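> What follows is a predicted protein model with its sequence.
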Amino acid sequence: MKHRDLLKRIGIKWRIFGGFAIFTLLILVLLWMFQVVFLDNFYKFIKTNEIRSSAESLVETMNSDDFIDTVNSICQNTQINIMVTNEKGQILYKFFAMPTGIAERFSRVNSPLYLTQVYDVAESQGGTYLERSQHGGPGMGGPQRDGRMAEPETILYARTAVKSDGTKLMFLLTSNISPVTATVNTLRVQLTYITVIMLILALVLAVILARHISQPIVRINQTAGRLAHGDYDVTFEEKGYREVAELAHTMNYAASELSRTETLRRDLIANVSHDLRTPLTMITGYSEVMRDLPGENTPENVQIIIDEATRLTTLVNDMLDLSKLQSGTQTYLRENFNLTQSLRTILLRYSKLTDYNITFSADCDVTVCGDELKISQVFYNLVNNAITYTGPDKVVDIRQIVHDGKVRVEVRDTGEGIPQDKLNDIWDRYYKVDKEHKRAQIGTGLGLSIVKTILDMHGGAYGVSSQEGVGSVFWFELDIVEE
């Protein structure tokens, strides 16, 4: 377990270094194996296949006029000696690439008996016979010196065939296998130098690569540690490989969003603290007056306490509703209801606000599918927001517009308007345009976040258009359901 934990803690630099070093060692081991250890076996294997292939070429062309040209070509290109005999061991043709090896001895000895023996052995083995020896054939001994072969190894390959006229032939191909000891020694010396040079270059290259790859990640990790401790002004260097640069870009975006969220969170705490403290102060103050001063226990003072307690309850409920909506723990019903009639019913409750001129226009009644209670909460919040920020004329204009199978509800006020660079931020949970915090006459300041969350749940569209000094228009859209 400790060994595993230690491996997990190995840095990326050393992992890259180790992997590159192992890869280099494997390459060098393969070079040694194929160029030194197995070189002799490879050479004999290739030479044997070359003789077999040449014999087959002779068989294919023995009935053609190109036979002699084929034989000469094989002798010149492959250094293979070729003899053609009949089944009785009589030599018909002989083509020697060089005056060495078993074929030369055969030509001098001109032994039909031996050639007949070879023919019979080849026929008994399906038409082929292969022999590697230090001398020319079976039973032909050879001198040795100090336990080592005195002559190069010779390959003898016999291939029998029958011509188109019925003549039985044997193609006898021989070739010397040159000793590769000197070649191996040369390669061994060369590979020794190559191994040393490759190891040095591999170590240097591995260190450079490991450092080049790991340094940006190390810097990102160090900067991320500062971010984790609350330093949101950090900047990640977007350098290095593409993946590292993209990671740094993502971390910069995350740092920016965290900084923005932290600022908005502080604003929320300040705003909510103000909203909570104000009604609590009013409740405490009026209660103490009613307790300490005779004659102050009046219905008017009691009503003030009730109103402030209601305002406090509304603020807490809005915060809880927003938290539930955004966490996804609060479900909603989907049912068809008359949106136009629902809006009219809600606006009747604002009729007691005689100081405000609230108008509503709709060209027809429409039916939508959704949670009527939550859609009414959307409308309540937009109307309350308009009442809070409308201009001195206290005009709030509400319109219902039908187009392309959708219904749009617009709530227009005549307030100071919202700067264009703030329009995309007003829907955020912690954002408030009025940094000095204007206490709402109706509502809590969290209404637009609730509107956004509910409409997202219903798949509805929403937005705002505003002009400073003229006012703002908040709107939302829902699909119409045909009755």
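Perfect, I can see it now.
> quick one, helices of the stretch 301-450 of the chain?
339-348, 372-389, 447-458 (DSSP state H, counting those that start in this stretch).
> hmm, who's touching the last one?
By that I understand helix 447-458. 318, 321-322, 325-326, 332, 370-371, 374-375, 377-378, 380-382, 384-385, 426-429, 461-462, 474, 476, 478 (Cβ atoms under 8 Å, 6 or more residues apart in numbering). All C-beta atoms are positioned from the backbone trio N, CA, C, and that covers glycine.
> Now restrict the residues you listed to buried residues only.
Neighbour counting with 16 or more other Cβ atoms under 10 Å marks 318, 321-322, 325, 370-371, 374-375, 377-378, 380-382, 384-385, 426-427, 429, 462, 474, 476, 478 as buried within the contacts of helix 447-458.
> Pipe the helices of the stretch 301-450 of the chain into a markdown table and attach mean pLDDT and distance to residue 414 per row.
Putting these into a markdown table (pLDDT from 0 to 100; distance: least, Cβ to Cβ, whole Å) gives the following:
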| stretch | mean pLDDT | distance to residue 414 |
| --- | --- | --- |
| helix 339-348 | 90 | 18 |
| helix 372-389 | 87 | 9 |
| helix 447-458 | 84 | 18 |
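> Neighbouring strands - and their directions - for the strand or helix carrying residue 477?
Using DSSP states H and E, residue 477 sits within strand 471-479. Strand 471-479 pairs in its sheet with strand 406-413 (antiparallel), strand 461-467 (antiparallel), by DSSP bridges.
> rewinding a little: figure out which of the helices of the stretch 301-450 of the chain is closest to residue 290.
Among the helices of the stretch 301-450 of the chain, the nearest to residue 290 by Cβ to Cβ is helix 372-389 (29.7 Å).
> Can you classify residue 82 as helix, strand or coil?
What DSSP: H, G, I helix; E, B strand; the rest coil gives for residue 82 is strand.
> meant to ask about residue 251, not that
Under the three-state scheme (three-state DSSP), residue 251 adopts helix.
> Is it correct that it is in contact with residue 227?
Yes. Between residue 251 and residue 227 there is a contact at 7.5 Å, judged by Cβ atoms under 8 Å.
> Pretty sure residue 262 sits against residue 232.
Yes. With contact defined as Cβ under 8 Å, residue 262 and residue 232 form a contacting pair (6.2 Å).
> the more surrounded of these two?
Between residue 262 and residue 232, residue 232 has the larger neighbour count (other Cβ atoms under 10 Å), namely 16 against 13.
> Against residue 457, how distant is residue 97?
Computed as Cβ to Cβ, to the nearest Å, the residue 97 to residue 457 distance reads 91 Å.
> So between those two, which is more surrounded?
residue 97 (20 against 16).
> Next, the contact list for that one, please.
Going by Cβ under 8 Å, 6+ apart, residue 97 touches 75, 76, 78, 79, 80, 81.
> in terms of contact, does the fourth one touch residue 177 like I think?
No. When contacts are counted by Cβ under 8 Å, residue 79 is not listed as touching residue 177 (11.0 Å).
> any idea which of the strands paired with strand 471-479 scores lowest on pLDDT?
Least confidently modelled of the strands paired with strand 471-479 is strand 461-467, at a mean of 91 by mean pLDDT.
> Pull out the buried positions in that one.
So, applying 16+ other Cβ under 10 Å, buried residues of strand 461-467: 462, 464, 466.
> Please name the bridge partners of the first one.
Going by DSSP bridges, residue 462 is paired in beta bridges with residue 476.
> Can you pull up the most central residue in this protein?
By Cα atoms, centre = their mean, the chain has its centre lying nearest to residue 243, at 9.2 Å.
> Now it: which helix or strand?
When elements are assigned from DSSP H and E, residue 243 belongs to helix 242-292.
> distance between that helix and the chain's centre?
37 Å (Cα atoms, centre = their mean, to the nearest Å).
> Sketch out the helices for the stretch 51-200 of the chain, chain order is fine.
67-78, 101-109, 112-124, 181-228.
> Okay, strands next: where are they in the stretch 1-150 of the chain?
Residue ranges of the strands in the stretch 1-150 of the chain, as given by DSSP state E, counting those that start in this stretch, are 81-86, 91-95, 128-133, 144-145, 148-149.
> Of all these, which one is nearest residue 398?
Nearest to residue 398 among those is strand 128-133 (103.6 Å), distances taken as Cβ to Cβ.
> Direction-wise, compare the closest one with helix 112-124 and give the angle.
120 degrees (axes from the mean of the first three to the mean of the last three Cα atoms, to 10 degrees).
> 52 is where my numbering starts, stick with that
OK, 52 is where the count begins now, so the last one is strand 179-184.
> Mind giving me the packing neighbours of strand 179-184?
helix 90-112, helix 163-175, strand 204-213 (3 or more Cβ pairs under 8 Å, 6 or more residues apart in numbering; DSSP states H and E).
> quick one, which of these is nearest to residue 363?
Ranking the helices and strands packed on strand 179-184 by proximity to residue 363 (Cβ to Cβ) places helix 90-112 first, at 92.3 Å.
> what are the C-alpha coordinates of the closest one, in CSV please?
Provided in CSV are the C-alpha atoms of helix 90-112 (Å, rounded to 0.1, in the frame of the first residue of the first chain):
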residue,chain,number,x,y,z
LEU,A,90,22.5,-11.7,-36.8
ASP,A,91,24.1,-15.1,-37.8
ASN,A,92,20.7,-16.9,-37.6
PHE,A,93,19.0,-14.1,-39.7
TYR,A,94,21.8,-14.3,-42.3
LYS,A,95,21.5,-18.1,-42.7
PHE,A,96,17.7,-17.9,-42.8
ILE,A,97,17.8,-15.3,-45.6
LYS,A,98,20.4,-17.1,-47.5
THR,A,99,18.5,-20.4,-47.4
ASN,A,100,15.3,-18.7,-48.6
GLU,A,101,17.2,-17.1,-51.4
ILE,A,102,18.5,-20.5,-52.6
ARG,A,103,15.0,-22.0,-52.4
SER,A,104,13.5,-19.2,-54.4
SER,A,105,16.3,-19.4,-57.1
ALA,A,106,15.6,-23.2,-57.4
GLU,A,107,11.9,-22.6,-58.0
SER,A,108,12.8,-19.9,-60.6
LEU,A,109,14.9,-22.5,-62.5
VAL,A,110,12.1,-25.1,-62.4
GLU,A,111,9.6,-22.5,-63.8
THR,A,112,11.9,-21.6,-66.8
